[in-house]
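1. Sequence first, then the predicted structure:
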Amino acid sequence: MKAVIKVGGKQYVVTEKETLLVDLLPEGTKELALDALLVIDGDKTTVGTPTVKGVSVKATVVEAEVKGDKIRVIRYKAKKRVHKENGHRQKYSKIEISSIK
């Protein structure tokens, strides 16, 4: 069984026992109860308006804060002696989908 969930303004297609990185969750969050926007169960697909009634997705937080890859941002103008380099590392939370009911 697969479900589409919405966490932090983004949508993810998930299955049970799957781990994924989502935008940083508030501190102290251990478990999440998410609504399913769409459910795929074999040949049957149920689309919610806006959520599927009676379907709930349970998730647990595995790691509260995980850093993503570093992104380098460079501003450069040729022959003008203008160059600037910045870096950024996004923070994520790692969650595991416990059950889709």
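-> The structure has been received and is ready for your questions. Keep in mind it's a predicted model, so treat the numbers as computed, not measured.
2. Name the residues of the longest strand along the chain that come out as buried.
-> In the chain, assigned by DSSP state E, the strand with the most residues is strand 56-77. Of the residues in strand 56-77, 57, 59, 61, 64 count as buried by neighbour count, 16 or more other Cβ atoms under 10 Å. All C-beta atoms are positioned from the backbone trio N, CA, C, and that covers glycine.
3. Next: stretch 38-45.
-> Buried residues in stretch 38-45, defined by neighbour count with 16+ other Cβ under 10 Å: 38-40.
4. what mean pLDDT would you report for it?
-> Averaging pLDDT along stretch 38-45 gives 94.
5. which outside residues touch stretch 15-27?
-> 1-3, 7-10, 12, 14, 32, 61-62, 64-66, 68, 91-100 (Cβ atoms under 8 Å, 6 or more residues apart in numbering).
6. These, buried ones only, as a PyMOL selection?
-> Command for PyMOL that selects the buried part of the contacts of stretch 15-27, burial taken from 16+ other Cβ under 10 Å:
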select buried, resi 2+3+7+12+14+32+61+64+92+93+95+96+97+100
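7. So which of the contacts of stretch 15-27 belong to strands?
-> Reading strands off these with DSSP E, I get 2-3, 7, 10, 12, 14, 32, 61-62, 64-66, 68, 91-100.
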